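[1] starting from these lines, generate the structure:
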Amino acid sequence: MSPALVFDLDGTLVSSVEDLTRTLNVVLDRAGYGMVPPADVLNMVGMGAKVLLQRGLEANGVAWTDDMIAPLFEDFLSYYAAHIADYTRPFPGVIAALEKFRAEGWKLAVCTNKAERLTLPLLQALDLDGYFDAIVGGDTFPVSKPHADPVLGAIDRAGARRDGSVMIGDSVTDIKAARAAGIPVIAVDFGYTPVPVTELGPDKVISHFDELPEALEGLGLGNELATPSKPRVGTIAGDSLRS
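    Next comes the predicted model:
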């Protein structure tokens with residue numbers, strides 16, 4: 001049984017802040033609130049749409065309540081689903097890295113705090129879904145990152161072994177989730193975090209996906225896997241999906 005590489009989505013695999021910013025500001029504007037500058041939104045993403053909306057209201061000086069968030073959340077999901085990949089694209093080197101690690105026999109998984117109903121359409125729109133053996137969203141399990149369960153669940157659903165598996169993310173949420181799960185974590189430094197990842201204590205930091213193989217080797221992991229690669233098949237919430 002092979003170990004898994006478990007990837008965060010927004011700010012790690014894909015550059016999505018422009019679509020997230022546009023959606024947030026459309027929803028806020030429709031509700032009569034002020035829009036949030038894109039540079040500020042960079043520091044608000046990573047915990048799912050509800051938290052993004054909460055932070056957007058806080059930026060407007062609004063003391064939000066759950067009753068206020070609920071209609072905004074539905075509006076957010078509806079608008080974002082219709083514009084999910086207008087500007088979102090994989091970061092440089094992502095596709096080549098996924099191809100490489102699948103060929104080496106790694107299991108690949110996504111573990112994001114984005115809701116399932118948004119995660120899969122985004123990966124499908126970018127033709128990325130088939131690279132993954134498991135796709136876990138923020139609502140796949142009763143808890144989301146930084147809890148360990150989604151990370152461990154992604155590994156298990158990918159049919160991988162936990163020993164030797166690694167988390168790759170861009171924020172303190174990913175780092176804490178990996179620590180809780182008892183696996184190493186590699187952080188990308190081009191993602192969405194108000195605090196530089198170098199200050200958050202990941203095991204390794206990379207600035208491009210070309211650097212991921214060396215980072216894994218630095219953790220005592222590498223290209224020793226010899227399991228033949230499988231067809232491009234992904235799963236979400238345990239269901240099989242084919243590209």
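
[2] which residues touch the closest residue to residue 164 other than its chain neighbours?
    Taking C-beta to C-beta, 6 or more residues apart in numbering as the measure, residue 164 lies nearest to residue 3, with 3.4 Å between them; neighbours along the chain are not counted. All C-beta spots, glycine's among them, are computed from the backbone N, C-alpha and C. Residue 3 makes contacts with 106, 107, 155, 160, 161, 162, 163, 164, 165, 166, 221, 225, as judged by C-beta atoms under 8 Å, 6 or more residues apart in numbering.

[3] and the gap between the second one and residue 46?
    Shown here: residue 107 relative to residue 46, a distance of 24 Å by C-beta to C-beta, to the nearest Å.

[4] closest to residue 132 among the contacts of residue 3?
    residue 107 (8.8 Å; C-beta to C-beta).

[5] follow-up on the earlier one: report the buried members of the contacts of residue 3.
    Restricting those to buried positions leaves 106, 107, 155, 160, 164, 165, 166, 221, 225, with burial counted as 16 or more other C-beta atoms under 10 Å.

[6] isn't residue 109 right up against residue 152?
    No - at 10.6 Å, residue 109 and residue 152 do not qualify as touching, with contact defined as C-beta atoms under 8 Å.

[7] confidence score at the residue nearest to residue 164?
    Residue 3 is assigned a pLDDT of 98 by the prediction.

[8] what about the contacts of residue 3, which are in strands?
    Using DSSP state E, the subset of the contacts of residue 3 located in strands is 107, 161, 162, 163, 164, 165, 166.

[9] out of those residues, which is nearest to residue 19?
    Minimum distance to residue 19 across the ones in strands among the contacts of residue 3 is 27.7 Å, recorded for residue 166 (C-beta to C-beta).

[10] just checking, what's the longest helix in this structure?
    For the chain, the helix reaching the highest residue count under DSSP state H is reported as helix 66-82.

[11] ok now that helix, how far from the chain's centre?
    Taking C-alpha atoms, centre = their mean, to the nearest Å, one finds helix 66-82 lying 20 Å from the centre of the chain it belongs to.

[12] stretch 155-170 now?
    Taking the mean of its C-alpha atoms, stretch 155-170 sits 14 Å from the chain's own mean (C-alpha atoms, centre = their mean).

[13] give me the mean pLDDT for it.
    Mean pLDDT, taken over the full extent of stretch 155-170, equals 97.

[14] got the end-to-end distance for that stretch?
    Between the start and the finish of stretch 155-170 there is a gap of 19 Å, counting by C-alpha to C-alpha, to the nearest Å.

[15] and for stretch 142-159?
    First residue to last in stretch 142-159 (C-alpha to C-alpha) measures 21 Å.

[16] hmm, who's touching it?
    With C-beta under 8 Å, 6+ apart as the test, stretch 142-159 has contacts from 1, 3-4, 6, 8, 47-48, 107-111, 113, 132-136, 138, 140-141, 161-162, 165, 167, 172-174, 176-178, 180-183, 235, 238.

[17] would you list the buried entries among the residues you listed?
    When the contacts of stretch 142-159 are checked for burial by 16+ other C-beta under 10 Å, the buried set is 3-4, 6, 8, 47-48, 107-111, 113, 132-136, 138, 140-141, 165, 167, 172-174, 176-178, 180-181, 183, 235.

[18] surely residue 125 touches residue 84?
    Yes - using C-beta under 8 Å, residue 125 makes contact with residue 84 at a distance of 6.0 Å.
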